[in-house]
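> Quick one, what's the 3D model for this:
(chains A, B, C and D)
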Protein chains: 2
Amino acid sequence: MKISEIAEKSGLTRSRIRFYEAEGLLGGVRRQGNGYREFPPEALQLLEIITGAQQAGFTLDEIKSLLPAADGKGWHHAELLTSLRRKVEDIEELQRRLKRTRAQLLTIIEGIETRPAGLGCKANTERVLAQVRARRS
Amino acid sequence: MKISEIAEKSGLTRSRIRFYEAEGLLGGVRRQGNGYREFPPEALQLLEIITGAQQAGFTLDEIKSLLPAADGKGWHHAELLTSLRRKVEDIEELQRRLKRTRAQLLTIIEGIETRPAGLGCKANTERVLAQVRARRS
DNA sequence: CTTGACCCTCAAGTTAACTTATACCTTAGG
DNA sequence: CCTAAGGTATAAGTTAACTTGAGGGTCAAG
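Model (predicted):
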C-alpha cells in the first residue's frame, strides 16, 4: 500500500502518517525501489490503535512505549494491562473533576440568574464566588 | 499588594501573574513610584476566577472575553450566561466521550485477560479490535 | 557601602502533535 | 517530450500557556 491509499483508508493526512513513522510509532514500513513507502496491511490496524489510544488520552510517547516493539514480536501484556488500568483511573479522575466543575458552573449560572434585586454587580460576584467556594468542600 | 504577596496568596507563580497582566486578563494593576506593580485586593478574586475558569476548560482567550472589560464597569451578563451554558454543554459532551472511551478500555482489558487459550497474539489483537469496533455503535 | 531579597522588561525557550514550505524525483498519459 | 499527479526529505512554522534567562534597578539591614 502506498501512502495515499493508507491515508484515505485511515482518514489521516499523509503528513501525519509520515510523522508517526518518523516518530517510530509505525514499524514495518518498507521502501520500494523508487524510495516510495510501502505499508503492510497491518499498518492500518496500527493507525487505528494509535488514534484510538489518543482519544483515550494517551500521549504519543505513551503509545509508543506500549506498541509492539518494532524489533520484538508482540506486546508485553503485563505492562500493557498496567498502563490500560492506569489510564482508566486517569479517566475516572477526570470524570470526577468534570462533575465538580459542571456543578460549579451551574451554581454560577443560577447565582447570576437569581441575583437578588438591589444587589450590585460587584456584591453579587462576591455572593456567587462564596457559593462556589462552599460547593468545593 | 506587591507581586510576591499576591503570588503567595493565590498560589500562582510571579511569572504567571505577570503573564496574565501582560495578556490583559488582569485589569486595574497600578505602578508604584519605583515601577513595582501594585495589585488591588480584587486582583486576588480575579485570579481565582481565572484559574477556576481554566479548570472548567475555558482558554485564556475565552476568559479574557468574558471578564469585566478593563475599561467598562462590569460583566455583560447575557454573553456570560450564554458562554457558561455553552461550556456546560462542552463538558457534558466530554463526559459522554470519556464514558465511551472508558468502556472501550475496559473491553480491551477484558479481551486481553480472557484471551482464548491457543489463540495467537496477533489473532487476539484482531479479536479485541473487533470487540471494540462493535462497541462503538 | 555592600549584600541579599525583591522588582522590572524583553526576548527567547519549552512541549505536543502536527502542518507547511521548499526543493527535487517518479510515473502515467497524450 | 511535456505535464500533472503523487512521492521524497528536511527544516521551519504553529498554538497555548507559561517559564527561563539576561541585564539591570530598588530597598532594608548591618
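> Mind listing what's buried along stretch A:104-117?
Using 16 or more other Cβ atoms under 10 Å in any protein chain shown as the test for burial, stretch A:104-117 gives A:104-105, A:108-109, A:111-112, A:115. Bear in mind the C-beta positions are built from the backbone N, C-alpha and C, glycine included.
> what about that stretch, near chain B?
Yes. Using Cβ under 8 Å from any Cβ of the partner chain, stretch A:104-117 reaches chain B at A:104-106, A:108-109, A:112-113.
> Those residues in strands, which ones?
Within the residues of stretch A:104-117 next to chain B, no residue falls in strands by DSSP state E.
> Columns pLDDT on top of those residues, output as TSV?
TSV is the format used below for these (pLDDT from 0 to 100):
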residue	pLDDT
A:104	88
A:105	89
A:106	93
A:108	90
A:109	93
A:112	92
A:113	90
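> picking that back up, spatially, which two of the buried residues of stretch A:104-117 are the most separated?
Largest separation among the buried residues of stretch A:104-117 by Cβ to Cβ: A:104 and A:115, giving 17.2 Å.
> how far does stretch A:118-133 sit from the chain's center?
Its chain's C-alpha centre and that of stretch A:118-133 lie 36 Å apart, by Cα atoms, centre = their mean, to the nearest Å.
> C-terminal to the longest helix seen in chain A, what's the next element?
Looking only at chain A and at elements set by DSSP state H, the helix with the highest residue count is helix A:77-113. Remark: after helix A:77-113, the chain's next helix or strand is helix A:121-136, criterion DSSP states H and E.
> That following helix - what's its average pLDDT?
For helix A:121-136, the mean per-residue pLDDT is 77.
> what's the answer for stretch A:43-51, then?
Taken as a whole, stretch A:43-51 has an average pLDDT of 94.
> Going by neighbour count, list what's buried in it.
Within stretch A:43-51, the residues scored as buried using 16+ other Cβ under 10 Å are A:43, A:46-51.
> tell me, which of those residues make contact with chain B?
The subset of the buried residues of stretch A:43-51 lying close to chain B, counting by Cβ under 8 Å from any Cβ, consists of A:48-49.
> Pick out whichever of the buried residues of stretch A:43-51 sits closest to DNA strand D.
Ranked by distance to DNA strand D (Cβ to the nearest atom of the strand), those are led by residue A:43 at 12.3 Å.
> about what we covered before: any idea how far the longest helix of chain A is from the chain center?
13 Å.
> next one: stretch A:57-65
Computed by Cα atoms, centre = their mean, the chain-centroid distance of stretch A:57-65 equals 9 Å.
> So which bits of stretch A:25-35 are buried?
Result for stretch A:25-35 [16+ other Cβ under 10 Å]: buried residues A:25-27, A:29.
> Show me the contact partners of that stretch.
A:17, A:20-21, A:37-40, A:42-43, A:46-47, A:50, A:60, A:63-64, A:67-70 (Cβ atoms under 8 Å, 6 or more residues apart in numbering or on different chains).
> Span of it from start to end?
Separation of the first and last residues of stretch A:25-35 by Cα to Cα, to the nearest Å is 20 Å.
> Please compute how far it lies from its chain's middle.
On Cα atoms, centre = their mean, the centre of stretch A:25-35 falls 27 Å from the chain's centre.
> Do any residues in that stretch lie close to DNA strand D?
Yes. Stretch A:25-35 reaches DNA strand D (Cβ under 7 Å from any atom of the strand) through residue A:35.
> Is that stretch positioned near DNA strand C?
Yes. Remark: stretch A:25-35 sits within contact range of DNA strand C at A:32-35, by Cβ under 7 Å from any atom of the strand.
> near DNA strand C, which residues of chain A show up?
Within chain A, the positions near DNA strand C by Cβ under 7 Å from any atom of the strand are A:13, A:15-16, A:19, A:32-35, A:54, A:59-61.
> so what pLDDT did residue A:3 get?
With respect to pLDDT, residue A:3 scores 97.
> who touches it in this structure?
A:14, A:17-18, A:36-37, A:39.
> Can you tell me how far it is from DNA strand D?
4 Å (Cβ to the nearest atom of the strand, to the nearest Å).
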